[in-house]
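1. Structure here, sequence nowhere to be found:
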């Protein structure tokens, strides 16, 4: 299940965002998992980035995995939360690609919830391949 919370007044294709998340979950065999996606602004994402990552700047996407840590097994169907800054997403793309950028950030965030990372080069290559494959399978 994918829940979307849009706190922005900008009209967005929430169905595409939902499909991007669900396709990622399905690809990884996690379709029964629950994910929350919050579409917000730079101020809120900067606050979260500072609070949880000690980085006092906005970012495009944050992922908060619920399966990590000592309580990670309490609710196995609850995968976690993805927070996307609409402001940053808009700045990162040219006008015609905004929908694709939101889909990319959604897939990227959900992959983080599933344990993928891009710190090491080989992990980054694997994550990029997964993202590309999932994005190509979306019905635009």
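-> Now that the structure is in, tell me what you want to look at. Predicted model only: the values in this text are computed from it and were never measured.

2. Mind checking the pLDDT average for whichever strand or helix holds residue 122?
-> Using DSSP states H and E, the element containing residue 122 is helix 121-137. On average, the pLDDT along helix 121-137 is 92.

3. what does stretch 58-67 give?
-> Stretch 58-67 comes out at a mean pLDDT of 91.

4. swap in stretch 75-82?
-> 84.

5. Just the buried positions in that stretch, please.
-> Using 16 or more other Cβ atoms under 10 Å as the test for burial, stretch 75-82 gives 78-82. Bear in mind the C-beta positions are built from the backbone N, C-alpha and C, glycine included.

6. Out of the residues you listed, name the ones that lie in strands.
-> 78-82 (DSSP state E).

7. Same list, the residues you listed, but as CSV with distance to residue 47 please.
-> Formatted as CSV, these follow (distance: Cβ to Cβ, whole Å):
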residue, distance to residue 47
78, 23
79, 23
80, 18
81, 14
82, 16
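
8. Among those residues, which one lies nearest to residue 136?
-> Nearest to residue 136 among those: residue 82, at 20.4 Å, using Cβ to Cβ.

9. And the residue nearest the centre of the chain, its phi and psi?
-> The centre of the chain sits closest to residue 109, judged by Cα atoms, centre = their mean, with a distance of 2.5 Å. When read as degrees, to the nearest 10, the backbone of residue 109 gives phi -60, psi -40.
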